[in-house]
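**Student:** Okay, here's the prediction I keep looking at, along with the sequence it came from:
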Amino acid sequence: AQKVTQAQTEISVVEKEDVTLDCVYETRDTTYYLFWYKQPPSGELVFLIRRNSFDEQNEISGRYSWNFQKSTSSFNFTITASQVVDSAVYFCALKVNSGYSTLTFGKGTMLLVSP
Amino acid sequence: EAQVTQNPRYLITVTGKKLTVTCSQNMNHEYMSWYRQDPGLGLRQIYYSMNVEVTDKGDVPEGYKVSRKEKRNFPLILESPSPNQTSLYFCATVNQGSNTEAFFGQGTRLTVV
């Protein structure tokens, strides 16, 4: 069975601070995909990134960066110079590639960025 | 444009009054599923469907029914809603394979009083 743990329930930062959201996953499959989604106060789920298990290269997209480490089963998400618009709930999710499978979500981290 | 459409977006209903939340996708994906989201619990899967006429229970199926008569539609049915089904519901479709990606509807916020 798959499991995703987001140990940080809530994080509060002041604008322009850097913040890292942690994600630790468990799976016995060797081929899998990891995702991050953002859920702003309006409620929809916004796709941020997908990473497959064969690609450990870190990725940067503007102020966002992701650090994938198979050795520690972690897929952490860093926001540099946070802004008020980054305030949202962030979900990490895992999908394995064996047959038909669904996404397993972590419980989410609520990020509050104050001006 | 790839779309997953849920209706209604908001619904307030009374205990015991049957309701259906519709979900439709235009991507011809075989796999569809329903999630509910509750504070502190993340998203939990209710039911999923691997193809037409093939459905199965997820982690929290009690009190829900689904059907998959056509590939594009996957309605969620609450035969006798109760207040503990007050939640935010998401329909999702996933394309399987090496370019796997999940597409979500906009969510349905259901309140049962």
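**Tutor:** That came through, no problem.
**Student:** Which residue is the nearest non-sequential neighbour of B:Gly16?
**Tutor:** Spatial nearest neighbour of B:Gly16, excluding adjacent residues (C-beta to C-beta, 6 or more residues apart in numbering or on different chains): B:Ser80 at 5.1 Å. (C-beta placed from N, C-alpha, C; glycine too.)
**Student:** got it, and A:Val14?
**Tutor:** A:Val14 sits nearest to A:Ser114 (C-beta to C-beta, 6+ apart), 5.3 Å away.
**Student:** any low-confidence regions in the chain?
**Tutor:** No chain in the question, so chain A it is. Scanning chain A for pLDDT under 70 picks out the ranges A:98-101.
**Student:** actually chain B
**Tutor:** B:97-99.
**Student:** Now do the contacts for the residue in it positioned nearest to chain A.
**Tutor:** The minimum distance from chain B to chain A, using C-beta to the nearest C-beta, falls at B:Gly42 (3.8 Å). Contact analysis of B:Gly42 by C-beta atoms under 8 Å, 6 or more residues apart in numbering or on different chains lists A:6, A:91, A:105-108.
**Student:** Switch those residues over to a markdown table; also include secondary structure.
**Tutor:** Output for the contacts of B:Gly42, formatted as a markdown table (DSSP: H, G, I helix; E, B strand; the rest coil):
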| residue | secondary structure |
| --- | --- |
| A:Gln6 | coil |
| A:Phe91 | strand |
| A:Phe105 | strand |
| A:Gly106 | coil |
| A:Lys107 | coil |
| A:Gly108 | coil |
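**Student:** Contacting chain B as well, which ones from these?
**Tutor:** A:6, A:91, A:105-108 (C-beta under 8 Å from any C-beta of the partner chain).
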